[in-house]
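Colleague: Any chance you can model this:
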Amino acid sequence: MYTFDDIVGDSKSIKRVKELGKKACNTTSPVLIYGDTGTGKELVVQAIHEGSSRRNKSFIPQNCAAIPENLLESIFFGVSKGSFTGAESKLGLFELADGGTLYLDELNSMPINFQGKLLRVLQDGEIRRVGDTVSKKVDVRIVASLNENPEELVGGEKLRRDLYYRLNVLRIDLPQLNERKEDIPKLVSHFIEKFNNRFNKIITGIKEDALKALIAHDYEGNVRELEHILEGAFNLRNEGYIELEDLCLRMDTGSFMCWSLKDKLEYYEKKYIKEAVIMSGYNISKAAKILDIPRQTLQYKIKKYEI
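Modeller: Down below sits the predicted model:
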């Protein structure tokens, strides 16, 4: 299990995450964590569990996107013997996590109708197994995470408003790596030590130009992307210093800081167009309004960048 010591960085934003996380350890209230993929949501959740009075009880993580809709009730609430042909008694996630912490990752992947059933459990503290007629009290601390903006999910009716308010008692927003690049040198040192131990290698550090390239790089996958880049470098080098050519950065032109102005402008133009198209629900007219450009211009650029 991770602790707050495993959260690497001294930036103002990451210090704030640690501060809020440590406060969450002293309460049993629900926690809502919002952060892009690769920002370290489960790391923070585990640290909260380990720092809480529930540390000696179960920590049950569950990715909500991985559960088929027809199995949600049986997986969360359990099954009573004889509830259907051949059914055996089976504990659900709430019973497994009784006294401990239940971590619901990608909560927004859960169907709206089942979100209502989850809300009822949070309010009443009781569950009823599939096929049973008797409810059972459970003592479970819920920590939920989202990789999309919570307010937008509520507005888009992908997250129940009442469930959002019930979970949003203590909110922790995780910063993107692009927003805390001052932490990259420490993260690089952390991953070098980690991979030296894992792969039994003797990498002593990283060359200055390689580190500058990592700092200049635009991270779509956040800390996880940085980790994978460095893991790739370990596959190419056994000892000494990681060099620029060891880093598998996007595009053949090398590090972002070496790109021409034209390449940089096109990169960001493509990035913002993709964001606008997604935000608009793939409606070209709405995306054009977001970008404040003519619809025909947007259509041309979508074709140009093969978006």
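Colleague: Distance check, residue 156 against residue 108.
Modeller: As judged by C-beta to C-beta, to the nearest Å, residue 156 and residue 108 stand 9 Å apart. Backbone N, C-alpha and C define where each C-beta goes, glycine included.
Colleague: Please apply the same query to residue 65.
Modeller: 9 Å.
Colleague: repeat for residue 232
Modeller: 31 Å.
Colleague: more neighbours, those two?
Modeller: residue 108 (22 against 13; other C-beta atoms under 10 Å).
Colleague: what about the more buried one, which SS state?
Modeller: Recorded secondary structure, residue 108: helix (DSSP: H, G, I helix; E, B strand; the rest coil).
Colleague: what's around the closest residue to residue 305 other than its chain neighbours, how many residues?
Modeller: Of all residues not flanking residue 305 in the chain, residue 270 sits nearest, at 4.5 Å (C-beta to C-beta, 6 or more residues apart in numbering). The local packing of residue 270 (other C-beta under 10 Å) involves 16 other residues.
Colleague: Is residue 270 in a helix, a strand, or coil?
Modeller: Per three-state DSSP, residue 270 ends up helix.
Colleague: for the residue nearest the centre of the chain, what are its contacts?
Modeller: Residue closest to the average C-alpha location in the chain (C-alpha atoms, centre = their mean): residue 37, at 4.0 Å. Residues near residue 37 by C-beta atoms under 8 Å, 6 or more residues apart in numbering: 147, 221-222, 224.
Colleague: quick one: which of the residues you listed sit in helices?
Modeller: 222, 224 (DSSP state H).
Colleague: Show me the shaky parts of the stretch 1-150 of the chain.
Modeller: 82-87 (pLDDT under 70).
Colleague: Please repeat the previous calculation with a cut-off of 90.
Modeller: Within the stretch 1-150 of the chain, the ranges that satisfy pLDDT under 90 run 80-90, 131-134.
Colleague: all strands of it, in order?
Modeller: 31-34, 59-63, 101-105, 126-127, 136-137, 141-146 (DSSP state E, counting those that start in this stretch).
Colleague: Tell me where this protein has helices.
Modeller: 12-24, 41-51, 72-77, 93-96, 112-124, 150-155, 161-167, 184-199, 208-216, 222-234, 261-279, 284-291, 295-305.
Colleague: Please identify which of these is closest to residue 246.
Modeller: Residue 246 sits nearest to helix 222-234 of all the helices of the chain, at 4.1 Å, using C-beta to C-beta.
Colleague: neighbouring contacts of stretch 45-54?
Modeller: Under C-beta under 8 Å, 6+ apart, the answer for stretch 45-54 is 1-4, 6-7, 21-22, 24-26, 28, 31, 33, 55, 59, 61, 99-101, 103, 141, 143, 145.
Colleague: just the buried members of the residues you listed?
Modeller: By neighbour count, with 16 or more other C-beta atoms under 10 Å, the contacts of stretch 45-54 hold 2, 4, 7, 21, 24-25, 31, 33, 59, 61, 100-101, 103, 141, 143, 145 as buried.
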